[in-house]
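A.B. asks: Sequence plus the predicted model coming up.
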Amino acid sequence: SFDTMAAAAAAASQEQDSALSALGPLDGRYRERVGALRAYFSEAGLIKYRVRVEVEYLVALAQVVPALRGTFGAEAVARWRLVAAEFDLEGARRCKEIERRTNHDVKAVEYYLKERYDALGLPAAGKEFVHFGLTSQDVNHVAQPLALAECMRDVILPRYEAVVATLRGAAWTYRDVAMLARTHGQPATPTRLGKEFAVFATRLDRCVRDLAACAHSAKFGGATGGLNAHAVAYPEVDWPRFADDFVRDVSAGLLSRQAYTTQIEHYDGLAAVCHAVARCDVVLLDLSRDCWQYVSLGYFGQKLRQDEVGSSAMPHKVNPIDFENAEGNLGIANALFEHLAAKLPVSRLQRDLSDSTALRALGVPLGHAYLALASLLNGLAKLTLNKPVIDADLDANWAVVAEAIQTILRRESYPEPYEALKRLTRGHKCTRDDFLAFIHNLDVSDDVKTQLAAVSPHTYIGLFDAEPFRPASSSD
């Protein structure tokens with residue numbers, strides 16, 4: 001209908017205005033590109049996870065608290081769970097409205113849930129068991145680790161794995177492409193382009209597997225970690241076991257409960273996650289710079305978009321902007337990951353509030369890392385091999401076969417072969433003819449001369465087992 005279309009247009013316009021007035025680029029310029037993270041790390045996302053934890057906590061309490069066993073039955077539980085399942089932006093707005101009065105975000109969620117409890121007409125005996133015996137951090141430190149664990153599983157890790165798969169594909173595709181290597185920025189022993197991509201594929205794969213293996217844990221133990229309020233109210237209940245089971249069940253096994261805590265979780269596990277992501281990002285930073293350099297050398301061209309502009313002044317420019325964007329975002333991400341890993345595990349005595357404001361920023365480095373991954377994937381997809389340039393570079397640097405020739409001569413016990421090749425090549429621009437003349441004058445057998453003459457920058461490329469990178473569907 002016209003009204004529906006008008007409402008959609010108004011919503012789109014409002015979102016665009018919000019992006020234009022955003023303080024940071026993740027909610028501004030890059031808003032659409034990081035939208036997948038908003039459900040986990042936005043304010044509304046955090047509130048939704050808090051609601052989910054509180055709702056399931058009351059369900060769990062109904063199994064052990066005598067006052068609830070007879071009144072909070074299956075039908076009431078089903079209706080109560082709908083509060084979390086159907087929680088939306090309007091619910092988040094209501095929580096923020098209550099927070100303006102309470103000046104406390106988790107208490108606002110409790111009051112919101114009690115409103116919903118009354119509206120559903122649920123048994124009156126259960127209302128005051130909403131948030132029973134809990135401190136805010138029992139809710140936050142289940143909700144936030146759960147958001148992180150689910151985001152890692154569903155969004156972040158698949159994006160890293162996509163980069164690994166792309167690099168593995170490049171390792172196979174370019175497995176036989178000879179390329180001049182550079183050490184210290186200078187021509188060095190030739191390599192294979194595929195092998196260079198294999199280096200990054202295996203490095204990143206190892207880091208991503210370490211990231212995937214990181215354990216996620218939660219704090220759920222009352223005001224100072226001893227479940228004091230629970231124990232004094234119902235001493236007959238095995239509360240540590242209850243808490244262990246609750247954390248496991250509410251997270252579908254993604255979280256384990258930290259048995260010994262203060263008011264807050266100790267964050268050592270989260271610090272490990274931050275470090276693991278940062279390690280992945282360091283590999284990708286290295287990759288971004290190398291790909292940038294290969295484009296600069298002309299080894300790769302880039303697929304063009306007809307209407308795209310490379311420079312406001314120079315019409316010819318086709319810049320490696322995806323790799324530059326990735327490099328910038330990876331730097332921002334890792335600076336914040338390093339800060340969070342160092343800050344969060346440190347808290348005065350049983351708790352201070354400095355962790356809370358820092359933890360709210362967790363989505364920022366993840367957003368920049370996610371953005372960098374998208375840029376890298378885009379940049380890698382745009383690369384087009386320029387083999388004539390690669391071959392010409394090899395032809396222009398015959399000095400790099402000096403290593404091969406002096407090594408063969410060492411095998412033959414030829415006197416001072418390294419020194420002889422040093423005199424020929426160091427500081428001189430050598431050609432194929434120079435090497436052939438050098439070989440011709442050597443006091444070695446004709447068979448050795450034939451072997452030496454067969455060495456070239458195009459063939460002296462070492463060993464590379466590409467089979468582990470063969471695509472499952474390939475028969476090449």
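C.D. replies: Great, that's in hand. Residues are numbered from 1 along each chain as shown.

A.B. asks: Wasn't Arg182 part of a strand?
C.D. replies: Yes: assessed with DSSP: H, G, I helix; E, B strand; the rest coil, Arg182 lies in a strand.

A.B. asks: Quick one: residues contacting it.
C.D. replies: Ala188 (Cβ atoms under 8 Å, 6 or more residues apart in numbering). All C-beta atoms are positioned from the backbone trio N, CA, C, and that covers glycine.

A.B. asks: May I have the beta-bridge partners of it?
C.D. replies: Applying DSSP bridges to Arg182 gives these bridge partners: Pro187.

A.B. asks: And it, how far from Arg192?
C.D. replies: 14 Å (Cβ to Cβ, to the nearest Å).

A.B. asks: now swap in Val237 and tell me
C.D. replies: 65 Å.

A.B. asks: For these two, indicate the residue with more neighbours.
C.D. replies: Arg192 (21 against 16; other Cβ atoms under 10 Å).

A.B. asks: which parts of stretch 245-252 are buried?
C.D. replies: Neighbour counts over stretch 245-252 (16 or more other Cβ atoms under 10 Å) mark 246-247, 250-251 as buried.

A.B. asks: neighbouring contacts of that stretch?
C.D. replies: Against stretch 245-252 from outside (Cβ under 8 Å, 6+ apart): 52-53, 56-57, 60, 142, 145-146, 149, 216, 218, 220, 255-257.

A.B. asks: the strands in the stretch 51-200 of the chain, which residues?
C.D. replies: Listed in chain order, the strands found in the stretch 51-200 of the chain under DSSP state E, counting those that start in this stretch are 178-183, 186-192.

A.B. asks: which stretch among those comes nearest Ala125?
C.D. replies: strand 186-192 (72.7 Å; Cβ to Cβ).

A.B. asks: Run through who's touching that closest one.
C.D. replies: 174-182, 394, 397, 399-400, 403, 457-458, 460-462, 464.

A.B. asks: and the gap between Trp292 and Arg360?
C.D. replies: Counting by Cβ to Cβ - Trp292 and Arg360 are separated by 34 Å.

A.B. asks: The two: which is more packed in?
C.D. replies: It is Trp292, of Trp292 and Arg360, that has more neighbours when counted by other Cβ under 10 Å, with 20 against 13.

A.B. asks: Next up, the contacts around that one.
C.D. replies: 320, 323-324, 327.

A.B. asks: swap the cut-off to 10 Å and go again
C.D. replies: By Cβ atoms under 10 Å, 6 or more residues apart in numbering, the contact list for Trp292 reads 300, 319-324, 326-327, 379.

A.B. asks: Tell me which helix or strand comes right after the helix or strand harbouring it.
C.D. replies: Element membership of Trp292 [criterion: DSSP states H and E] is helix 268-297. Scanning forward in sequence from helix 268-297 by DSSP H and E, the next helix or strand is strand 300-302.

A.B. asks: Against which helices or strands is that following strand packed?
C.D. replies: helix 268-297, helix 321-343, helix 363-382, strand 383-385, helix 387-395 (3 or more Cβ pairs under 10 Å, 6 or more residues apart in numbering; DSSP states H and E).

A.B. asks: Return the distance of that strand from the chain's centre.
C.D. replies: 26 Å (Cα atoms, centre = their mean, to the nearest Å).

A.B. asks: Ok, stretch 217-234 next?
C.D. replies: Taking mean C-alpha positions (Cα atoms, centre = their mean), stretch 217-234 and its chain are 34 Å apart.

A.B. asks: quick one on the thing from earlier: could you export the strands of the stretch 51-200 of the chain as a markdown table, including mean pLDDT and distance to Leu284?
C.D. replies: As requested, the strands of the stretch 51-200 of the chain are exported to a markdown table (pLDDT from 0 to 100; distance: least, Cβ to Cβ, whole Å):
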| stretch | mean pLDDT | distance to Leu284 |
| --- | --- | --- |
| strand 178-183 | 96 | 20 |
| strand 186-192 | 95 | 21 |
